[in-house]
Structures are given as C-alpha cells and as structure tokens.
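**Student:** what follows is a predicted structure for the sequence shown.
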Amino acid sequence: MATEQLQLPSVPILLFFLIFTKRVCSPSSKAPRQETHPPGPGNLPLIGSMHHLVPQLHFRALRHLARKHGPLMLVRIGQVDLAVASSRETAEEILQKQGATFASRPELAAKQVILYGASDIGWSPFGPYCKQLRRLFFTELLSAKRTRSSPPS
C-alpha cells in the first residue's frame, strides 16, 4: 500500500512567493500618501479604540483623549472611523468648510416608503428644496412677529 506524503515547496520558492506578494500587495513607500488622518489613540484589531472608553464615562474619556491628542482626533469604534472635534472652534471650522457633507442624510429605503419619499423637513436631501423648507419653517412657524391669539377664558 502506497502512502502519499504531503510535499511542501522548498524554502527558496516559499521565500520568493512571500517577498513577491508583499511587494505587489503593499503600497509603494516611494509614492506620497494622499490621505492624512488626524492623530488619535491606538487601535486594537476588532474593537478599535473602545478600550480607551471603557474605564470611565464616555464624555470624560473623550475629554482625556482630547487633552492628549488635540481638538481634532480620529477614534475607531469597532471598524468605523470617527473624527471627533472636541472644541467649539474646531467644530465651527469643520461645519463651515464641510457643512453640505454633514447636512446630507443617508439614503434609506425605509424613509422612501414610510416618509412619503423623504419630502418633509427632517429627511429631505440637502439642496434647494431643503433650503426652501427650512426658510418657510423659520419664517412662518418660528417667527417672533407671529403672535398667538388665545381664546378668552
């Protein structure tokens, strides 16, 4: 009875394969990086930076991290990267430069069905229609000139 043995590739072939895949799959060190991220705490593989938030209340942990890493930091919660602006000046600057990005809402199929095509003021996509709705809302409903008449008691 013949026994089949598993033959592993020789060491030089294995080393060539590892070096080749590392060079092909990894980005070139000569190419400049396009993306720069703000500083932030260290990350663990699956949970990200959540281990920094566990020992104390979240707002206190974020305050402590902001003192260490600055007013704008990158915190990874699980697999999601979050940019945290911890000062008023930083938040104002971000909203002035990227206001349209933050004003848009996610496209969900449920809001198209439940909210009549997302045509209300809370879920309408950012654009001229949304601006017109907000203008009407503030001038008609929240105007200081508008007085309510109460019925005599």
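**Tutor:** Structure received. Bear in mind that the values here come from a model prediction, so they are computed numbers and not experimental data. Residues are numbered from 1 along each chain as shown.

**Student:** quick one: the residue positioned nearest the centre of the chain from Phe102, how far?
**Tutor:** Nearest to the mean C-alpha position of the chain, by Cα atoms, centre = their mean, lies Leu82 at 4.3 Å. Using Cβ to Cβ, to the nearest Å, Leu82 is found at 13 Å from Phe102. C-beta coordinates here come from the backbone N, C-alpha and C atoms, glycine included.

**Student:** pLDDT score assigned to Arg33?
**Tutor:** With respect to pLDDT, Arg33 has a value of 56.

**Student:** oh, I was asking about Asp81
**Tutor:** Predicted confidence (pLDDT) for Asp81: 88.

**Student:** same thing with Ala66?
**Tutor:** 91.

**Student:** this protein: helices as residue ranges?
**Tutor:** Secondary structure of the chain (DSSP state H): helices at 11-25, 50-53, 58-69, 88-103, 109-114, 128-136.

**Student:** using a markdown table, please lay out these together with mean neighbour count and distance to Pro39.
**Tutor:** Compiled in a markdown table, these are given as follows (neighbours: other Cβ atoms under 10 Å; distance: least, Cβ to Cβ, whole Å):
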| stretch | mean neighbour count | distance to Pro39 |
| --- | --- | --- |
| helix 11-25 | 10 | 27 |
| helix 50-53 | 17 | 13 |
| helix 58-69 | 14 | 5 |
| helix 88-103 | 12 | 13 |
| helix 109-114 | 11 | 36 |
| helix 128-136 | 12 | 34 |
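
**Student:** and Leu142, which of these is closest to it?
**Tutor:** Evaluated over these, closeness to Leu142 peaks at helix 128-136, with 10.3 Å, by Cβ to Cβ.
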